[in-house]
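*Asks:* The sequence and its predicted three-dimensional model are supplied below.
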Amino acid sequence: MTGLMDTPKPITVPTVAKSSPAHAGLEDTVAGESSICFIDGHRSRLIYRGYSIDDLAKSATFEEVAYLLLFKKLPAQSELKSFSDQLKSQRALPNQFIERMSSIPKELHPMSVLRTLVSALSFYDPDAELMNHDSNLKRAVRVIAQAPAVIAAWDRVRKGKKTVDPRSDLNHAANFLWMLHGKEPDALFSQAMELYLVLLADHELNASTFACRVTASTLSDYYSGMTSAIGALKGPLHGGANEQVLKMILEVGEVSHVEEYLKKAFAEKKKIMGFGHRVYKVMDPRSPLLKEMSEKICVKPGNENLFQITEKIEEIVCSVKKLPSNVDFFSATLLYSLGIPVDLFTPMFVLSRISGWSAHYLEQISDNRLLRPRAEYTGALDLPFIPLENR
Ligand SMILES: CC(C)(COP(=O)(O)OP(=O)(O)OC[C@H]1O[C@@H](n2cnc3c(N)ncnc32)[C@H](O)[C@@H]1OP(=O)(O)O)[C@@H](O)C(=O)NCCC(=O)NCCS
C-alpha cells in the first residue's frame, strides 16, 4: 500500500538562532545602523543627530528639529528661513481633499481616519511612485507641512465646523492651534505646543518607526511607510497611551481619589498607562520637561487639579512599582490644557513624529537591505493530511 502507510519524509527545519526569553519582543535586539537618534536608557539621555534633547527643547523650534532630522545638520539662518517658507507654502490642503472628508463616518477614531488620510495625500502627488532621494525628501517636507492641516481639518469637519485656512505669519506649532481652534494661541500655548513637537520628533527604533522602516525596506513608497507607522502608533502600548492616560486622570477626578484608584488597579494587575518603558531603565528624559510645562499650563481655569492628580499618580507609581513616567504621561495633561480633544492626542503624536519617520524612511532607502527576520517555529511538523470528509 502506498499513501497513509508510507513513512513521511523528514522535513528539514532551517536552523534559526534561538531567541532567548530576554529578547522576547525583540528587546535589546539591534536591527540596523542609524545616525538619527541615540537613546541611553540607563543614563536618561536622548540625542537627535548629536544634539541633546535638553538643549533642543530649550532653544530649538520644531522647524529646526525637522530640518536637523531630514538634512542631518542644524540649519543656518538662511536655510531655516527657506525651509520654514517651504513648509508655510505647502500647508494648505487641496479643496477636493477637504470636500472628500465629509464622506468619512464622523464617529471613527481619528487615528483610523488619519491612517487613511495620510495615505490619501498620495492621490494628489503625481510623482508618488518616484523613488529617488530628492523626490522623497520633497515629499517628506510637503507631508510634514500638511499633517497639521489634515488633523485640524478632520476635527472641524467631524464637528460640522468650517475648516480654517493656514496662516503664513504663524510658525508650525502656532499655526496648528490656529487651524484647530480658529483662534490665535497665546505665547504660552504656542511654547507648549512647540515643546511637545520638539520632544516627540524622533525616538530611534520604536514600534512605529520600525514598522515604517520595514515597509521602506521593501522599496515601497513614502506614503506606505507613513501609513504603516501610523497603524503601529495607534496601539495603547505605543502612541495610544497618551489618550488612555487622560481618561485615567479624568476617571480619578480628584487628588484624594488617587490612592484608592491605584490600589485597585495594582490589585487587578492593571497596567498604568504612561509608566514603564522598553528602553529607559531610569527616567524618560522627555518626562520632566513635559512635567514642567504641564505645571505651567494646567493653571488655566478648569484644569487646576489635573496637574495635582498627575503628580500624585506619579509619586505612588514610582514608589510602589518603581516605574518612572514616560513621555505619554505628562503630555496628556499638556495636550488637554491646550484644548486638544482627547481622541486627537495620538494624532498629535503623528504631527511631531512624522518628521522622525520621514528621516528614517530616507535613511532606510539610502542604504537598503530588505528587513526580513525569522521566527522560531513552535508548531507541529509532519502531520499526516486528513481528507476533509474524514475530519
Ligand atoms: C511601555 C511598555 C509597553 C514596555 O513594555 P515591556 O518592555 O514589554 O515591559 P513589560 O510589559 O514586559 O513589563 C515588565 C514588567 O513591568 C510591569 N509593568 C510595565 N509597565 C507597567 C505599567 N505601566 N504599569 C504596571 N506595570 C507595568 C509589567 O507588568 C511587568 O511586570 P512582571 O514582570 O511582573 O510581569 C510597558 O511599560 C507598558 O505597557 N506601559 C504602559 C503603556 C505606555 O505607557 N506606553 C507608552 C510607552 S512610551
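*Replies:* Received it, and whenever you're ready, just let me know what you need.

*Asks:* what about the spatially closest residue to Gln90 that is not a sequence neighbour, helix or strand, and which?
*Replies:* Distance criterion C-beta to C-beta, 6 or more residues apart in numbering; nearest residue to Gln90, sequence neighbours excluded, is Ala145 at 4.0 Å. C-beta: built from backbone N, CA, C; applies to glycine. Using DSSP states H and E, the secondary-structure element containing Ala145 is helix 133-158.

*Asks:* which other helices and strands contact that helix?
*Replies:* helix 62-71, helix 77-89, helix 95-101, helix 110-120, helix 172-181, helix 222-233, helix 345-366 (3 or more C-beta pairs under 8 Å, 6 or more residues apart in numbering; DSSP states H and E).

*Asks:* any chance of these in a markdown table, with distance to the ligand, mean neighbour count and mean pLDDT too?
*Replies:* Below are the helices and strands packed on helix 133-158 laid out as a markdown table (distance: least, C-beta to the nearest ligand atom, whole Å; neighbours: other C-beta atoms under 10 Å; pLDDT from 0 to 100):
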| stretch | distance to the ligand | mean neighbour count | mean pLDDT |
| --- | --- | --- | --- |
| helix 62-71 | 19 | 23 | 98 |
| helix 77-89 | 27 | 15 | 98 |
| helix 95-101 | 29 | 14 | 96 |
| helix 110-120 | 15 | 20 | 98 |
| helix 172-181 | 22 | 23 | 98 |
| helix 222-233 | 10 | 25 | 98 |
| helix 345-366 | 10 | 25 | 98 |
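
*Asks:* The residue nearest to Gln90 contacts Ser84, doesn't it?
*Replies:* No - using C-beta atoms under 8 Å, Ala145 makes no contact with Ser84, being 9.9 Å away.

*Asks:* for the residue in the stretch 1-150 of the chain that the ligand sits nearest to, phi and psi?
*Replies:* Using C-beta to the nearest ligand atom, the closest approach of the stretch 1-150 of the chain to the ligand is made by Gly25 at 5.2 Å. Here is the backbone geometry of Gly25 (degrees, to the nearest 10): phi 70, psi 20.

*Asks:* how far away is it from Glu363?
*Replies:* 23 Å (C-beta to C-beta, to the nearest Å).

*Asks:* likewise Asp202?
*Replies:* With C-beta to C-beta as the criterion, Asp202 and Glu363 are 11 Å apart.

*Asks:* joint contacts of the two?
*Replies:* Ile36 (C-beta atoms under 8 Å, 6 or more residues apart in numbering).

*Asks:* can you tell if the helix or strand harbouring Val214 touches the ligand?
*Replies:* If you go by DSSP H and E, Val214 is part of helix 207-217. No - if you take C-beta under 6 Å from any ligand atom as the test, helix 207-217 misses the ligand, and the best it gets is 9.1 Å.

*Asks:* tell me how far that helix is from the chain's mean position?
*Replies:* 12 Å (C-alpha atoms, centre = their mean, to the nearest Å).

*Asks:* And for stretch 50-68?
*Replies:* Worked out by C-alpha atoms, centre = their mean, stretch 50-68 lies 18 Å from the chain centre.

*Asks:* For it, measure first residue to last.
*Replies:* 10 Å (C-alpha to C-alpha, to the nearest Å).

*Asks:* try stretch 265-278
*Replies:* First-to-last residue span, stretch 265-278, C-alpha to C-alpha: 21 Å.

*Asks:* Do any residues in that stretch lie close to the ligand?
*Replies:* Yes - Stretch 265-278 is in contact with the ligand by C-beta under 6 Å from any ligand atom, via 271-278.

*Asks:* Go ahead and name everything in contact with that stretch.
*Replies:* Here stretch 265-278 has contacts from 25, 27, 41, 236, 241-242, 244-245, 248, 262, 284, 313, 317, 320-321, 323-326, 328-330, 332, using C-beta under 8 Å, 6+ apart.

*Asks:* What parts of the stretch 1-150 of the chain come near the ligand?
*Replies:* Neighbours of the ligand within the stretch 1-150 of the chain, by C-beta under 6 Å from any ligand atom: Gly25.

*Asks:* where does the stretch 1-150 of the chain dip in pLDDT?
*Replies:* 1-22 (pLDDT under 70).

*Asks:* and the angle for the helix or strand hosting Phe189 with helix 62-71?
*Replies:* According to DSSP H and E, Phe189 maps onto helix 187-199. Relative orientation of helix 187-199 and helix 62-71, computed by axes from the mean of the first three to the mean of the last three C-alpha atoms, to 10 degrees: 10 degrees.

*Asks:* close to the ligand, is helix 187-199?
*Replies:* No - applying C-beta under 6 Å from any ligand atom, one finds helix 187-199 separated from the ligand by no less than 11.9 Å.

*Asks:* Show me what that helix is packed against.
*Replies:* By 3+ C-beta pairs under 8 Å, 6+ apart, helix 187-199 packs against helix 53-59, helix 62-71, helix 172-181, helix 286-297, helix 327-337, helix 345-366.

*Asks:* Give me the residues contacting the fifth one.
*Replies:* The reference is to helix 327-337. Contacts for helix 327-337 (C-beta under 8 Å, 6+ apart): 192, 195-196, 199-200, 203, 239, 241-243, 245-246, 249, 273-275, 284, 286-287, 290-291, 293-294, 297-298, 300, 303, 306-307, 310, 314, 342, 344-345, 348.

*Asks:* and what of the first one?
*Replies:* For helix 53-59, contacts defined as C-beta under 8 Å, 6+ apart pick out 46-48, 64-65, 68, 195, 198-199, 285-286, 289.
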